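J.: Fold the stuff below for me.
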Amino acid sequence: MKTRITAILCILSAVVLTVLAESRVYLLHSDRLYFDSSVNKEAQFLVGNVQFRHDDVLMWCDSALYYEASNSFDAFGSIRMIQGDTLSLTGDELYYNGLEKLARVRYNVVLKHRDMTLYTDSLDYDRLYNVGYFFEGGHLVDKDNDLVSDWGEYHPDKRDAIFNYNVKMVTPAPPKAPKTILLTDTLHYDMRTAIGHALGPSTIDDGSTHVYTESGYLNTRNDNMILLERSELNDNGKKLVGDSVNWNSTDSIGEAFGNVVYTDIINQNMMTGNYVYYENKTGYSMGTDSLCLIDFSQGKDTMYLHADTLKMYTRNINTDSVWRDLHAYHRVRMYRNDLQGVCDSLVYHGRDSVAIMYRDPIVWMGSQQMLGEEIRAFMNDSTIDSVQVLRQTLSCEKIDDDNHFNQISGHEIHSYLRDGEVYLTHVIGNVYVKYYPLDDDSLMIGLNHTESTELKMFMGEDRKLERMWMPAATGTLFPILKIPESQRFLENFQWFDYIRPLDRYDIYVWRGKRSGTELKEKKQRKVPLQKLENIHTRKNGNVQGTRAPQVPQGEHIH
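T.: Residues are numbered from 1 along each chain as shown. Next up, the predicted model:
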């Protein structure tokens, strides 16, 4: 048993001696070597062209104190250290511990590895874990970027670095002019991909674009950023905020995901949702998923508009004649204190300042409801100047809670507004009116049913009717107590109060028309085409003639 233990101890001792032998620091050359016990009893004094080797590392200096017993040395002057064929380290002083494989280089330190160069005054290079630490300010330059910080570390095997405190990264590296500047407190930088990961409060500037993030990835080779943690991007008066944001500064294209807020300060509107796409060069933007367009250009009131998808196009962006078009679809709902509306889709033409609502559009203004096949709102300085309702039109106003409604229908209805109030309504073609006139005490006299080809209604203060004009009309006045039930409403009357948006939050809740109340498409009749059988050949000659097409009785040519 004792023999076996002795053998094991011998093997262990041999392994330790082998390891120590492999880790021994060797003195390869010195012009002069001497001892001076009065100065240092443990050190050998080396002067002139001193060279050491430790494993695969070669080190040079002008002079050194060599501690052979502790496998270490202190070197001074023209320090140079080479590891393999890719890493070199220079400085003014070197304190090397062979047992810990730790090199501490001081003053005018330069670490080079492949195409990276690190400048500092204090560097500890741990060969055991293959990492270098600087802690009194460092400056790193590679082919892509220029970085400085108070503290940092570099890993040659992984070719990445970590920078802390007052970090600044400039892209591209000198001598090229800087394009992007990143300021942060913590930065992880991968030199193989030239991608920096900024942590903590950070800013990125690339000319016109300013970014704030607390967790962002910057690819300095393709100028692409991935920004997390509710990052904020400002670009020429436009601000984009989201749970995550992708931004390419070369193409000026941004995408934001999750609780997105896109604000256009210049045009005084904003877009919220869970996805927004933005192109600065073309002025195109698109949003979807719980989308809301908020227009606050009028100051006194704000418009909220929701749709499944919204797209904005900027026309003639690089000219003085720039304008924007807006496309919203489907299930459009909008709310403002004095105006609400619903439709399937909406288009706003900036050049003409007109918003067009398509497919079952309805607009409410106070107690008034307007609907038709198409509704057009003409704007003037972001305020509504006039409203046109086209085809199958109906305008009705609720008077009281006893289902009394003033009603107008016609082929077209044109309403003109001043300071947000209707002062003139012009109805054209097949005009039908059901109107409750009031006496001097504001009591209903009865129900007036009138038919005409044209109608103009002039409104006074508080939207009260001052006078009406018709070229020719036929009508009947029913006393209030003798109004037939069949005469109370126009044929196309519908009151869609259950659809009307109630507030800014109600725009997200879609409520369609009840079955059977949708507008039916009315196609225009066409003039009958000439048919072959209408062509007759005269018996006495080759002259061919035609017979005029016959219009079916009871129909009209449009």
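
J.: Show me the shaky parts of this structure.
T.: The model of the chain has pLDDT under 70 over residues 1-22, 298-300, 382, 520-558.

J.: Break down it into its helices, ranges please.
T.: 2-22 (DSSP state H).

J.: quick one: stretch 40-58 to chain centroid distance?
T.: When distances are taken as Cα atoms, centre = their mean, to the nearest Å, stretch 40-58 is centred 61 Å away from the chain's centroid.

J.: what sits up against it?
T.: Stretch 40-58 has contacts (Cβ atoms under 8 Å, 6 or more residues apart in numbering) with 22-36, 39, 59-70, 73-75, 81-84, 96, 98, 101, 127. Placement of C-beta: from N, CA and C, glycine included.

J.: could you redo the last one with a cut-off of 6 Å?
T.: The contact list for stretch 40-58, computed with Cβ atoms under 6 Å, 6 or more residues apart in numbering, reads 25-34, 59-61, 63-67, 82-83, 98.

J.: Repeat that for stretch 474-490.
T.: 407, 409, 432, 434, 444, 446-451.

J.: For the contacts of stretch 40-58, which PyMOL command selects only the ones that are buried?
T.: Applied in PyMOL, the following selects the buried portion of the contacts of stretch 40-58 according to 16 or more other Cβ atoms under 10 Å:
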select buried, resi 25+27+30+59+60+61+63+64+65+66+67+82+83+98
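
J.: Which of the contacts of stretch 474-490 fall within strands?
T.: Cross-referencing the contacts of stretch 474-490 against strands under DSSP state E gives 407, 409, 432, 434, 446-451.

J.: which of the residues you listed sit farthest apart?
T.: Among the ones in strands among the contacts of stretch 474-490, the pair separated by the greatest distance (Cβ to Cβ) is 409 and 446, at 19.8 Å.

J.: out of these two, which sits in the busier spot?
T.: Taking other Cβ atoms under 10 Å, residue 409 and residue 446 do not tie; residue 409 has more neighbours (23 against 16).

J.: Show me what residue 426 bridges to in the sheet.
T.: residue 414, residue 456 (DSSP bridges).

J.: What about it, how many residues nearby?
T.: 17.

J.: and it, how far is that from residue 458?
T.: Counting by Cβ to Cβ, to the nearest Å, the gap from residue 426 to residue 458 is 10 Å.

J.: cool, residue 111 as well?
T.: Per Cβ to Cβ, residue 111 is found 87 Å from residue 458.

J.: still on that earlier bit, nearest to residue 312, of the contacts of stretch 474-490?
T.: Ranked by distance to residue 312 (Cβ to Cβ), the contacts of stretch 474-490 are led by residue 409 at 35.1 Å.

J.: The closest one touches residue 433, doesn't it?
T.: No: Residue 409 lies out of contact with residue 433 (Cβ atoms under 6 Å); the separation is 8.2 Å.

J.: Residue 116 against residue 143, yeah?
T.: No: contact criterion Cβ under 6 Å: residue 116 and residue 143 do not qualify, at 8.5 Å.

J.: So for the two, which residue has more residues nearby?
T.: Taking neighbours as other Cβ under 10 Å, residue 116 and residue 143 compare with residue 116 leading, 20 against 12.

J.: what's near enough to touch that one?
T.: Counting by Cβ under 6 Å, 6+ apart, residue 116 has contacts 142, 191.
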